[in-house]
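Asker: build me a model:
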Amino acid sequence: MWAGIDFGSKTAGTTVICIGNNEKPLDLVASAKKQDADAMLLSVLKGAKPEFATIDAPLSIPGVYLNVNQKTDYFYRSVDSTLKAMSPMFIGGLTARAIRLKDECAKFQLPLFETYPAAFVAQFNLQKYYHKKETSNLEPFINTLLEVFPAKVNHAQLPTWHHVDALIAWISCYRMAHDQHLTFGDDEGHIFI
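Answerer: Residues are numbered from 1 along each chain as shown. Below is the predicted model:
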């Protein structure tokens, strides 16, 4: 069993976790508005005990801060530049929360890996309907995604783009578990899709 997480603001109700092994329908759990999303995730992860999980959030900062390498970029890790991801520094609070979640998961032997649904979509040429400001594109995107990567999930379980990104994060887990994943990055950080 694996878990994919779309990580949102702490109390906005935009965090979703997708969990399961695809032998039966996947479970999707969303945080509620004003609920502590980090506490909700820890509760679900501790209860479900997946083999590992992926999260759509930076799990490291640029190496210049840690003297990891000779690079001097204060905003982007190499993997961010490669995949055109946001700077971990720009979304600093979210980055800090994600790194703390990774450390909390390590306490109960749950590896947490970084993924990036937008890079997944680009890698597999699924961009046609992946326009997250357009809710009308949600249904056609889900249809396209499930044609390419069959997952035991029904459309009613995917009412928002946050749910879809959690499913994409879970698909990255599935790919990792079956040695089908792609790895991007270096000693600053890795993204798995």
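Asker: where does the residue lying closest to Arg97 once chain neighbours are set aside fall, secondary structure wise?
Answerer: Nearest residue to Arg97, sequence neighbours excluded (Cβ to Cβ, 6 or more residues apart in numbering): Asp38, at 6.0 Å. Heads up, the C-betas are built off the backbone N, CA and C, glycines and all. Assigned by DSSP states H and E, Asp38 falls within helix 37-48.
Asker: that helix: how far from the chain's middle?
Answerer: Taking the mean of its C-alpha atoms, helix 37-48 sits 15 Å from the chain's own mean (Cα atoms, centre = their mean, to the nearest Å).
Asker: buried residues, it. List them.
Answerer: Within helix 37-48, the residues scored as buried using 16 or more other Cβ atoms under 10 Å are Ala37, Asp38, Met40, Leu41, Leu42, Val44, Leu45, Ala48.
Asker: show me which of those residues is closest to Gln70.
Answerer: Taking Cβ to Cβ as the measure, Asp38 is the one of the buried residues of helix 37-48 closest to Gln70, at 34.3 Å.
Asker: distance of the closest one from Lys46?
Answerer: 12 Å (Cβ to Cβ, to the nearest Å).
Asker: most centrally placed residue in the protein?
Answerer: Note on the chain: the residue nearest the mean C-alpha position is Asp56, at 2.6 Å, using Cα atoms, centre = their mean.
Asker: tell me if I'm right that it and Ala119 touch.
Answerer: No - contact criterion Cβ atoms under 8 Å: Asp56 and Ala119 do not qualify, at 10.0 Å.
Asker: gap between the longest helix seen in the chain and the chain center?
Answerer: In the chain, with assignment by DSSP state H, the single longest helix is helix 161-177. Relative to the chain's own centre, helix 161-177 is displaced by 7 Å; criterion: Cα atoms, centre = their mean.
Asker: ditto for stretch 126-143
Answerer: 18 Å.
Asker: list the buried residues in it.
Answerer: Residues of stretch 126-143 classed as buried: Leu126, Tyr129, Tyr130, Asn137, Leu138, Phe141, Ile142 (neighbour count, 16+ other Cβ under 10 Å).
Asker: since that was my last question, I'll sign off now.
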